[in-house]
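1. I need the structure of the sequence given here:
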Amino acid sequence: MMVVTALLSWFLVGLFIRASKARGWGQPIRKDGPAHQQKEGTPTAGGMPFVLAMTAVFFPLYFTGHAGGPRELLIMLAALAMGVIGGVDDLLKVRSRMVGGKKELLAREKFPLQFIVGLVFAYFAAPLASHELVPGLGPVGDVILLTLVMVGSVNAFNFTDGLDGLLGGVAIIVLLPLLALSPVSALLVAALLGFLWFNAHPARVFMGDMGSHAIGAVAAGAYVLYADVWLLPVAAIIPVVAVLSVVIQVASFRLRGKRVFKMSPIQHHFEHPDVGWPETHVTVRFWMVTAVATALVWWLLGGRP
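-> Residues are numbered from 1 along each chain as shown. The predicted structure is shown next:
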């Protein structure tokens with residue numbers, strides 16, 4: 001089924017690119033951001049077709065008993081719910097570019113929705129954990145922790161986007177240790193392979209928030225339910241550093257009036273002219289760091305599966 005998912009994703013993403021170009025659903029490039037002006041007009045929201053491909057394969061498998069049990073359904077529903085939140089953001093951006101109006105979901109609108117999804121996931125996921133996650137606090141502590149993990153993962157993976165192929169490659173590597181345990185993780189990896197055909201540098205489509213939100217939810221769900229929640233930030237070291245770089249940058253500027261990084265998230269710091277890494281070097285080097293960190297996680301899991 002991974003082959004079917006990869007091919008379906010490849011087909012749907014290609015179809016989406018054609019439709020986007022025909023209708024002018026291109027990505028605007030911030031003038032105060034990294035020097036990506038040559039990417040102006042590239043179709044965005046490419047996460048929609050690969051999430052659709054993953055979904056279209058998963059549910060027939062699940063209802064015929066070939067895609068795992070309740071854990072897989074929980075991961076998939078969390079991914080879809082988070083994906084819808086990101087998808088609304090994507091649609092607002094496209095609509096704003098075409099006809100004007102609201103440009104995106106504000107943080108004060110997005111975070112409450114993410115927390116609701118995270119809380120529902122945590123409520124059902126906590127009893128499925130193999131051990132108490134927060135010693136001494138019991139089930140309530142577990143639910144709080146898993147809610148924060150889900151919301152944090154979604155935003156960390158979202159901040160990792162922004163360079164051609166970066167997030168897709170990082171996500172595939174992070175999920176590798178769980179492919180034989182979690183069908184949803186396997187289907188997402190396959191769907192990302194189909195997407196990366198078009199997202200590799202120079203990208204013909206950008207992922208957008210729907211894809212990054214769904215990826216963050218699958219990563220959090222799979223590590224919580226099949227591995228160890230504390231291993232997720234090890235494997236996902238690049239997303240963790242990306243979100244921390246944003247927090248540090250904002251805090252430093254507000255408190256001291258100075259920036260720590262040339263730009264944030266961290267990937268844009270390294271491609272800044274004063275640092276000078278080509279975009280492809282940043283992407284591949286971040287993949288390499290992720291590979292080393294994920295190999296460590298695999299070893300900590302006993303080299304399985």
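
2. quick one: the strands in the stretch 1-150 of the chain?
-> Counting by DSSP state E, counting those that start in this stretch, the stretch 1-150 of the chain has no strands at all.

3. quick one, helices of the protein?
-> All helices of the chain, identified by DSSP state H, fall at 2-23, 47-63, 70-99, 107-125, 138-160, 166-175, 183-199, 208-226, 232-235, 237-256, 266-271, 279-300.

4. quick one, which of the ones you listed is nearest to residue 41?
-> helix 2-23 (8.5 Å; CB to CB). From N, CA and C alone the C-beta is placed, and that goes for glycine too.

5. quick one, the closest one and helix 70-99 angle?
-> 10 degrees (axes from the mean of the first three to the mean of the last three CA atoms, to 10 degrees).

6. hmm, who's touching helix 2-23?
-> Contacts to helix 2-23, defined as CB atoms under 8 Å, 6 or more residues apart in numbering, come from residues 25-26, 43-46, 48-50, 52-54, 56-57, 98, 186-187, 189-195, 197-198, 204-205.

7. just how off-centre is that helix within its chain?
-> Helix 2-23 sits 19 Å away from the centroid of its parent chain (CA atoms, centre = their mean, to the nearest Å).

8. in that helix, which residues are buried?
-> For helix 2-23, the neighbour count (16 or more other CB atoms under 10 Å) marks 2, 5, 6, 8, 9, 10, 12, 13, 14, 16, 17, 20 as buried.

9. again with stretch 49-65
-> For stretch 49-65, the neighbour count (16+ other CB under 10 Å) marks 49, 50, 51, 52, 53, 54, 55, 56, 57, 58, 61, 62 as buried.

10. how many other residues sit next to the residue lying closest to residue 162 once chain neighbours are set aside?
-> Among residues not flanking residue 162 along the chain, residue 267 sits closest, at 6.0 Å (CB to CB, 6 or more residues apart in numbering). Look at residue 267: counted by other CB atoms under 10 Å, it has 26 neighbours.

11. need the contact list for the spatially most central residue of the chain.
-> The centroid of the chain falls nearest to residue 212 when counting by CA atoms, centre = their mean (3.0 Å). Residues near residue 212 by CB under 8 Å, 6+ apart: 47, 86, 154, 157, 158, 160, 161, 167.
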